[in-house]
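Colleague: I would like the atomic coordinates for the input below:
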Amino acid sequence: MFFDEKGFKKDFKWGSSTNAQQFEGGHGQGGKGVSIADVRVIPGADKESNFNEFKIASDHYHHMKEDIKLYAEMGFEIYRFTIAWTRIFPNGDEIEANPEGIAFYSAMLDELDKYNIEPVATLYAYDLPLNLLEKYRGFMSREIIKDFTHYAETVIKAFKGRIKYWIPFNEQNFIDLDSEYMTGYKAKNRAEVFQLQHHFNLCYAKTTNLVHEIDPAAKVGGNLGNVCLYPLNCDPVNVEATDELAYKSGYGFADVLFRGVYSGIFIKSYEGTDFSSIVLDDDLEVLKSASPDFMALCYYLSAAIEANSFEDRALNGVITKNPYIDATEWKWLIDPYGFKHYLHDYYHRYQLPILITENGMGARDTLKEDGTVNDDYRIKYLADHIARMKEAVDEGVEMIGYLTWSATDLYSTREGFEKRYGFVYIDKDYKRIKKRSFDWYKKVISTNGEDLSY
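Modeller: Next comes the predicted model:
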């Protein structure tokens, strides 16, 4: 009977994610132009651990077939990757697409199809064409809307019928934490942060409509990278601080992506901004016109909020202490229940099916002399989170699937290869080495999440 149904449905999709600027490499090859990621430097990074840069990353460009074969061996049913704008339009504003760039992603889709792995494509993940930053300050200018939508329209048409799930932007709300990393432009004040966000939002809405117009069988969703926020205790001051931060960092963005509106409490956080100079006559109608099909959500950690004591860490969300739970070396609180809470919160608030696009644990993995990598800590993290996700599904949260971060080791945003997330280790010669978690996740997928033992 209906009330006896438990566990993940048969069509629940298992897989993992990567991100072109951290994974693909192939700088200057195949006609690829220069992006802001290609000139990015990680200050103070350990030179021994970080044996290359974003320009090379994990060198997926030269290992694409090998990587996808590994995904197939694990049993992936779905895989999220990002398309590098500069591989399609080297300068960002050309009329005609770079044929070598189209061919690379077409070959990738062929490989995924060969193994019956469903692709999820993200169009932008912190790799703006450098030319557009220099030409008109990138997302600070409304000119970006024309160039981005031309890029989006080009790839949607090129891969019509081959990509079912589209995500316009990766972790769109993190622009509030680090505008420079995401766009190449360092906002000078809150008004400029809003200006960047508004142009992102217009690009998102227009792209959402393009997907539906060009390929009605495809689905599109907005992506948030977020933290499960709790008040540190029941002091109303801390509860209020938590609520305000939740709207500033999460719900405010979700209201735009999933409802097409700027909520009052979100706008309040940009007090003093001359909105009339940024939001033009038809902009709100454009935002309202977009109807996403799903929510693409990322989750890594929770945060316990005490008024005036939390710390904003660029691209790491909100980092706080919680006396009741453990944290990673990078102070990310390990909170499986927070994942369940987060799923319930967003599902019941926005009533759209959820595709988890990132969930994982970064650590200093060690390659032993015998060629093995024992990452039991990662297995425990994932097992505990999947168990809580299963509870949320049993309790009524509608989900499309679960994608870990990340499929293969890649160049972490702040720590390079000091901090690893994948099921496959990459050494200095770019050799792919299966970690212990590789076979564990293979078992999880083959049992549709029933066997989480380790």
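Colleague: thought I102 was touching A158?
Modeller: Yes: using Cβ atoms under 8 Å, I102 is in contact with A158, at 5.4 Å. C-beta coordinates here come from the backbone N, C-alpha and C atoms, glycine included.
Colleague: Do a quick rundown of the strands in the stretch 251-400 of the chain.
Modeller: Taking DSSP state E, counting those that start in this stretch, the strands of the stretch 251-400 of the chain run over residues 294-305, 311-313, 317-319, 354-358, 399-405.
Colleague: strands paired with the last one, and their directions?
Modeller: I take that to be strand 399-405. Strand 399-405 has these partner strands in its sheet, going by DSSP bridges: strand 13-17 (parallel), strand 354-358 (parallel).
Colleague: who's in contact with the first one?
Modeller: The contact list for strand 13-17 (Cβ atoms under 8 Å, 6 or more residues apart in numbering) reads 71, 75-81, 117-118, 120, 357-358, 400-407, 422-423, 444-445, 448-449.
Colleague: and with 7 Å instead?
Modeller: Residues outside strand 13-17 that contact it (Cβ atoms under 7 Å, 6 or more residues apart in numbering) are 76-80, 118, 357-358, 400-407, 445.
Colleague: Got a ChimeraX select line for the buried ones in these?
Modeller: The buried residues among these can be selected in ChimeraX (16 or more other Cβ atoms under 10 Å) with this line:
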select :76,77,78,79,80,118,357,358,400,401,402,403,404,405,406,407,445
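Colleague: okay, the strands paired with strand 399-405 in JSON lines with distance to D345 next?
Modeller: JSON lines is the format used below for the strands paired with strand 399-405 (distance: least, Cβ to Cβ, whole Å):
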{"stretch": "strand 13-17", "distance to D345": "22"}
{"stretch": "strand 354-358", "distance to D345": "11"}
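Colleague: Quick one: the ones you listed as CSV, columns for mean pLDDT and distance to K288 too.
Modeller: CSV is the format used below for those (pLDDT from 0 to 100; distance: least, Cβ to Cβ, whole Å):
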stretch, mean pLDDT, distance to K288
strand 13-17, 98, 29
strand 354-358, 98, 22
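Colleague: quick one: low-confidence ranges for this structure?
Modeller: Along the chain, the model assigns pLDDT under 70 to residues 1-4, 42-52, 309-318.
Colleague: how far away is the residue most central in space within it from T18?
Modeller: Centrality entry for the chain: nearest residue to the mean C-alpha point is N170, 4.4 Å, by Cα atoms, centre = their mean. Distance of N170 to T18, computed by Cβ to Cβ, to the nearest Å: 11 Å.
Colleague: Check Y299 too.
Modeller: Separation of Y299 from T18 (Cβ to Cβ) stands at 17 Å.
Colleague: Just the helices from the stretch 101-250 of the chain, written as ranges.
Modeller: According to DSSP state H, counting those that start in this stretch, the stretch 101-250 of the chain carries its helices in the segments 130-136, 143-158, 179-183, 190-214, 236-246.
Colleague: What helices and strands are in contact with the second one?
Modeller: The contact analysis (3 or more Cβ pairs under 7 Å, 6 or more residues apart in numbering; DSSP states H and E) places helix 143-158 against helix 85-88, helix 130-136, helix 190-214.
Colleague: need these in TSV with distance to T320, can you?
Modeller: Output for the helices and strands packed on helix 143-158, formatted as TSV (distance: least, Cβ to Cβ, whole Å):
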stretch	distance to T320
helix 85-88	35
helix 130-136	33
helix 190-214	22
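Colleague: Take those helices and lay them out in a markdown table including distance to H150 and mean neighbour count.
Modeller: Shown next, in a markdown table, are these (distance: least, Cβ to Cβ, whole Å; neighbours: other Cβ atoms under 10 Å):
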| stretch | distance to H150 | mean neighbour count |
| --- | --- | --- |
| helix 85-88 | 10 | 28 |
| helix 130-136 | 12 | 19 |
| helix 190-214 | 10 | 21 |
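Colleague: how about those, which one is nearest L257?
Modeller: Comparing the helices and strands packed on helix 143-158 against L257 with Cβ to Cβ, the closest turns out to be helix 190-214 (6.6 Å).
Colleague: now the angle from that closest one to helix 143-158?
Modeller: Using axes from the mean of the first three to the mean of the last three Cα atoms, to 10 degrees, the direction of helix 190-214 lies 30 degrees away from that of helix 143-158.
Colleague: Compute the distance from the centre of helix 190-214 to the centre of its chain.
Modeller: Remark: helix 190-214 is offset 16 Å from the chain centroid, using Cα atoms, centre = their mean, to the nearest Å.
Colleague: Q22 versus L210, what's the distance?
Modeller: 26 Å.
Colleague: Determine the three-state secondary structure at the closest residue to A103 other than its chain neighbours.
Modeller: Nearest residue to A103 in three dimensions, chain neighbours excluded: G30, at 7.9 Å (Cβ to Cβ, 6 or more residues apart in numbering). Classification of G30 by DSSP: H, G, I helix; E, B strand; the rest coil places it in coil.
Colleague: and G30, what does it touch?
Modeller: Contacts of G30 (Cβ under 7 Å, 6+ apart): R87, E100, G101, F104.
Colleague: Show me which pair in these is furthest apart.
Modeller: R87 and E100 (7.9 Å).
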